[in-house]
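*Asks:* Return atomic coordinates for the entry below.
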Amino acid sequence: MGEGGVHPGQVASPSQGLNHTPIHSQTHLGFKELQARREAEERRKFPLERRLKEHIIGQEGAINTVASAIRRKENGWYDEEHPLVFLFLGSSGIGKTELAKQVARYMHKDIKKGFIRMDMSEFQEKHEVAKFIGSPPGYVGHEEGGQLTKLLRACPNAVVLFDEVDKAHPDVLTIMLQLFDEGRLTDGKGKTIECKDAIFIMTSNVASEEIAQHGLQLRQEAEEVSRRKLADKLDVQKGDDIKISRQFKESVIRPILKAHFRRDEFLGRINEIVYFLPFCHSELLQLVSKELSFWAKKV
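*Replies:* Next comes the predicted model:
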């Protein structure tokens, strides 16, 4: 998965284009840029990792990967012309959607605008591309626009969740590739939406069994190491970090993804593939306790 970098040919000179920009546009752009910098600085005071761990049980590896990528994007280490793209992999019910929601809460004060959820099981047929970006002129629904384009126009820097992306029709994936590659989207009316500052998160259950089995194996190995340390009266750190190896990602997961999506360029536009592991016993107890507390407050 490539990490974007600004190529020399993509960097404009400081004075380029200034003579052709109206003063009021420069002022408006300057205000927006200043506001964005202030918001980023405010977020740095409250690290994303800490915020996410307050709401997400377990999944420290996933949290650290996402937070690190967002920080790199804000610091300009990714190509600014491309949006940030994640693929969340793992079984259902282990925090993929919730993590996306909490990222949106961290990035946006108005969560209703700042978080867009698209259920990709609704886009399994070829003709449903029109529902995604809007129908072309002369077709039914042209004036209504597309579901995604309407929401992105209202908030071009939203956190967009493509839930169960593996169910989407290949033509819909083509639209998404354009979105990821160019940082813009053209709707059925021919209008372009610039969304290079958006964060796109796809979730999928593809390879979830392999990930779950590997995660359980890693956890068993970690527990065995902890038992040996205890037997030797050595210090045991809380939850020695469980990490999926690069070898497993490349030899097991990547071939499964290539077989399913069948497009290297689509996978190539993903900045980070994020792995969600099964809950351990203590995490399950935390989850139950959290749910009980939630419903107790409702009573």
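
*Asks:* Could I get the full set of strands for the protein?
*Replies:* Using DSSP state E, the strands of the chain run over residues 84-89, 115-119, 159-163, 184-186, 192-194, 199-204, 272-275.

*Asks:* Could you export those as a markdown table, including mean pLDDT and distance to Q213?
*Replies:* No exception for glycine: its C-beta is placed from N, CA and C like everyone else's. Putting the strands of the chain into a markdown table (pLDDT from 0 to 100; distance: least, CB to CB, whole Å) gives the following:
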| stretch | mean pLDDT | distance to Q213 |
| --- | --- | --- |
| strand 84-89 | 98 | 13 |
| strand 115-119 | 97 | 28 |
| strand 159-163 | 98 | 24 |
| strand 184-186 | 88 | 38 |
| strand 192-194 | 91 | 41 |
| strand 199-204 | 98 | 17 |
| strand 272-275 | 97 | 13 |
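
*Asks:* can you list those strands in TSV and add distance to D264 and mean neighbour count?
*Replies:* Shown next, in TSV, are those (distance: least, CB to CB, whole Å; neighbours: other CB atoms under 10 Å):
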stretch	distance to D264	mean neighbour count
strand 84-89	14	26
strand 115-119	24	18
strand 159-163	19	25
strand 184-186	22	18
strand 192-194	26	15
strand 199-204	16	25
strand 272-275	14	22
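
*Asks:* how about those in JSON lines, adding distance to H127?
*Replies:* Listed next are those as JSON lines, based on distance: least, CB to CB, whole Å:
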{"stretch": "strand 84-89", "distance to H127": "26"}
{"stretch": "strand 115-119", "distance to H127": "17"}
{"stretch": "strand 159-163", "distance to H127": "19"}
{"stretch": "strand 184-186", "distance to H127": "18"}
{"stretch": "strand 192-194", "distance to H127": "22"}
{"stretch": "strand 199-204", "distance to H127": "22"}
{"stretch": "strand 272-275", "distance to H127": "30"}
